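**Student:** Got a sequence here, can you build the structure:
(one chain, ligands or ions: 1)
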Amino acid sequence: MQLSDIVDILIVAIIIYNIIKHFRKTRAAQLLKGIAIIFGITYISEWLHLNVISFILENIMQMGFIALIIIFQPELRRGLEHMGRSKFGKWFSVEKEDVTDVAGEVCKAAENLAESHTGALVVFERETILDDLLTGGTVIGAKVTSELLENIFVPNTPLHDGAVIIRDDKIQKASCVLPLSANKDLSNELGTRHRAALGISEQADCVCLVVSEETGKISVMLNGNMMRNLSVNSLYKLLNKVLAPKDDVSTNVKKNIDHLKSQKRSRKKKDEKSEKQDKSKE
Ligand SMILES: Nc1ncnc2c1ncn2[C@@H]1O[C@H](COP(=O)(O)OP(=O)(O)OP(=O)(O)O)[C@@H](O)[C@H]1O
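**Tutor:** Residues are numbered from 1 along each chain as shown. Reported below is the predicted structural model:
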C-alpha cells in the first residue's frame, strides 16, 4: 500500500464521517439507511447469482442516483455554498458598528417582548440569501429599531405571524413562512415557531432568534443547533460575535497599526528606563 492510498482512504473516511454526522438527526438519515439496505441486497443477490433481482436493483440504483440529487437538493446546495464561502470574504456586508447597533436594537426588543410574553421570530441573513427558503412575507425595507420590531409582533396585527428577516442593518421582510425542521429530538414543549427557526438554520447559515410566547424565554438557532433560555446580555454578546464581519481587512490593518504603535511605545519606555539607569550610575 502506497502513501497516496492511505491519504485516499483517510479522505474518504473523513467525508463519510462528516456526511453521517451531518445527517444523523435529520430526515436524510432514514433515506441513507434505505440506500445502504438496497446496496446490501444488491451485493447479496449478485453473490447468490439471483440475476433478475440484481438486474432490477442495479437499474433502481442508476435511477436512484438522479433521484438522490433531486431529494437532497437543499442539502447539496447548502454544502456547496458552505464550500464556496470564502474564508477571507465578509460574512456580513455592514460595518462592525452597524452590527453592534442592530444587536442592541434587537436585544432591546427581545427583552421587552420576553417580558410581555409576546412571541417573536427573527432571522438574521448572513452569506446565504434566504429568498428561496421563504414563503410569502411582506417587504418592509426599514432600518432595524426596537420599536418597529416590537410593533410587528403585536398579537393580532397583520404582520405578527411568521418571521422577520434582517438583511444587513434593515428589516427586509416580515410575516415570512420558514421551512420546518424534521429533527425528532426537539422537545415536545417546543412548537412550530421553534421548529421553523431550527428548520431554516439547518438549511442556511442564518442566525435565528425566538422569543417564546408561552414562557417568555429567548432562544437562538444556528447551524441546526439551539441555545435555549439565553439572558439578554448573552444574546447581545452572541449576536455581536456571530454577525460581525470576520477578519475584516480594515480591522486587520487597524490591528497591525495598533501593534506597531504599542511596539514603538514599549521601545521608547525601555530606552527611557535605560537612560535613567545610566544617569543614576553616573
Ligand atoms: N413555518 C413557520 N414559519 C414562520 N413562523 C411560523 C411557522 N410556523 C409557525 N410559525 C409561528 O409560530 C406561531 C405558533 O407558535 P407555536 O405556539 O406553535 O410555537 P412554539 O414553538 O410553541 O412557540 P411559543 O413558545 O411562542 O408558543 C405562529 O403563530 C406563527 O407566528
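
**Student:** Next one: the residue nearest to the spatial centre of the chain from the ligand, what distance?
**Tutor:** Most central in the chain under C-alpha atoms, centre = their mean is Asp205, positioned 3.1 Å from the mean C-alpha point. Separation of Asp205 from the ligand (C-beta to the nearest ligand atom, to the nearest Å): 18 Å. The way it works is simple: take the backbone N, C-alpha and C, and place the C-beta from them, glycine included.

**Student:** Regarding that residue, what is its secondary structure?
**Tutor:** Judged by DSSP: H, G, I helix; E, B strand; the rest coil, the three-state class of Asp205 is coil.

**Student:** what's around the closest residue to the ligand within the chain, how many residues?
**Tutor:** Residue nearest to the ligand within the chain (C-beta to the nearest ligand atom): Gly191, separated by 2.6 Å. Neighbour count for Gly191, taken as other C-beta atoms under 10 Å: 13.

**Student:** One more: Lys276?
**Tutor:** Counted with other C-beta under 10 Å, residues neighbouring Lys276 total 10.

**Student:** need the residues of the stretch 1-150 of the chain near the ligand, please.
**Tutor:** When proximity is defined as C-beta under 6 Å from any ligand atom, the stretch 1-150 of the chain approaches the ligand at Gly119, Leu121.

**Student:** so where's the stretch 1-150 of the chain uncertain?
**Tutor:** Along the stretch 1-150 of the chain, segments meeting pLDDT under 70 span 22-28, 78, 81-97.

**Student:** Could you pull out the helices in it for me?
**Tutor:** Using DSSP state H, counting those that start in this stretch, the helices of the stretch 1-150 of the chain run over 3-23, 28-47, 51-71, 73-84, 96-115, 146-152.

**Student:** if you compare these, which one is most tucked away?
**Tutor:** Stretch with highest mean neighbour count among the helices of the stretch 1-150 of the chain: helix 96-115 (a mean of 19; mean count of other C-beta atoms under 10 Å).

**Student:** still on that earlier bit, with respect to Asp161, which of the helices of the stretch 1-150 of the chain lies nearest?
**Tutor:** helix 146-152 (10.1 Å; C-beta to C-beta).
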